[in-house]
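Asks: With the input below, show me the fold.
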Amino acid sequence: MGSWIKDIITGLVNAVLNTLTNATMTALNWVLGLLSATVFTSPDVTGLPQVKFVAGDAQIAANAAMVLVVMVAGILAMTHGSVQDRYTIKELLPRLVIGFTAANLAMPIVSGVIKAGNALTQTMAGQRFNSADSFNQIKRVITDTTTAPEMFIVALVLRELALWMLVLLVITWLGRIGVLLIVAGVAPVALMCHALPQTEPVARIWWRSLISCLAVQVLQAVTLYMAVATLLSPQANLPALGLPHDPTGLVNLLIA
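Replies: A predicted model of the protein is given here:
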């Protein structure tokens, strides 16, 4: 009777572990496929009808506010501080021109910056080793890890960890897209803030938000490229790092 119960428990445990492993591998395939196609490129959100609608309203508001901005600039030129630190028309006029022009060219500016970020990513990390190749290499490392009974639990835990880290990467990608949508929608008003020294910090925050989204994309792509091209390369990983040969593949899985 004891042997019979032990066999049932062993069979149940193996069934649960196999089911969990199959579910993990299915989820990994889905996440890796999604990431390889999207994570290191930013869509041109300025082409979305919703973004155009919000940005159009923001542009109307920015142009309407320019009348008030011109009045404020005139007041600043006449009354701000002492004679030594008073803003002159010569200093404020170029700001007004830049603010008005940037507000009305906001969508082409955002679109151009996004395309430049994608081109930089492709140049730095995509010429020899594109993201699809990188994620395929990671997939091979994860799926080729040993299934020996003594290492099965360790491999399963590492695969689960890899899955959740990849899911977090998807979340960061969605977060970047969300920030780009907001940045594009408020672009006309934010760029209009170049018109006055007092509102200049708003425009700088806008630029930092836009550039940061694209900088994260570039750094993630370069990180993946360097990791896969060196750490996960069969010719360059373990021997070059001074690590012992690992026939189970668990070290490569840890690196991945």
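Asks: where in the stretch 51-200 of the chain is pLDDT low?
Replies: Where the stretch 51-200 of the chain drops to pLDDT under 70, the residues are 73-90, 126-134, 143-150.
Asks: by contact count, what packs against the helix or strand encompassing residue 251?
Replies: Using DSSP states H and E, residue 251 sits in helix 250-255. Helices and strands touching helix 250-255, by 3 or more Cβ pairs under 8 Å, 6 or more residues apart in numbering; DSSP states H and E, are helix 131-143, helix 152-185. In this view, the C-beta of every residue, glycine as well, is placed from N, C-alpha and C.
Asks: Tell me, how many residues neighbour residue 96?
Replies: Using other Cβ atoms under 10 Å as the criterion, residue 96 is surrounded by 18 other residues.
Asks: Just confirm it contacts residue 68, I think it does.
Replies: No: with contact defined as Cβ atoms under 8 Å, residue 96 does not count as touching residue 68 (11.7 Å).
Asks: Kindly export the helix holding residue 251 (C-alpha atoms) in CSV.
Replies: Taking C-alpha atoms only, helix 250-255 is exported to CSV below (Å, rounded to 0.1, in the frame of the first residue of the first chain):
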residue,chain,number,x,y,z
LEU,A,250,22.5,26.4,-16.2
VAL,A,251,25.2,29.1,-16.2
ASN,A,252,24.1,30.3,-19.6
LEU,A,253,20.5,30.3,-18.3
LEU,A,254,21.6,32.5,-15.4
ILE,A,255,23.4,34.9,-17.8
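Asks: which residues touch residue 185?
Replies: 51, 54, 55, 58 (Cβ atoms under 8 Å, 6 or more residues apart in numbering).
Asks: Which of these fall in helices?
Replies: 51, 54, 55, 58 (DSSP state H).
Asks: now these as JSON lines including neighbour count and distance to residue 171?
Replies: Formatted as JSON lines, the ones in helices among the contacts of residue 185 follow (neighbours: other Cβ atoms under 10 Å; distance: Cβ to Cβ, whole Å):
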{"residue": "51", "neighbour count": "21", "distance to residue 171": "21"}
{"residue": "54", "neighbour count": "18", "distance to residue 171": "24"}
{"residue": "55", "neighbour count": "23", "distance to residue 171": "26"}
{"residue": "58", "neighbour count": "21", "distance to residue 171": "28"}
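Asks: Closest one of those residues to residue 34?
Replies: residue 51 (22.6 Å; Cβ to Cβ).
Asks: Residue 101: neighbouring residues, count only.
Replies: 14.
Asks: Which elements pack onto the helix or strand hosting it?
Replies: Using DSSP H and E, residue 101 sits within helix 89-104. Counting contacts by 3+ Cβ pairs under 8 Å, 6+ apart, helix 89-104 packs against helix 49-79, helix 187-192.
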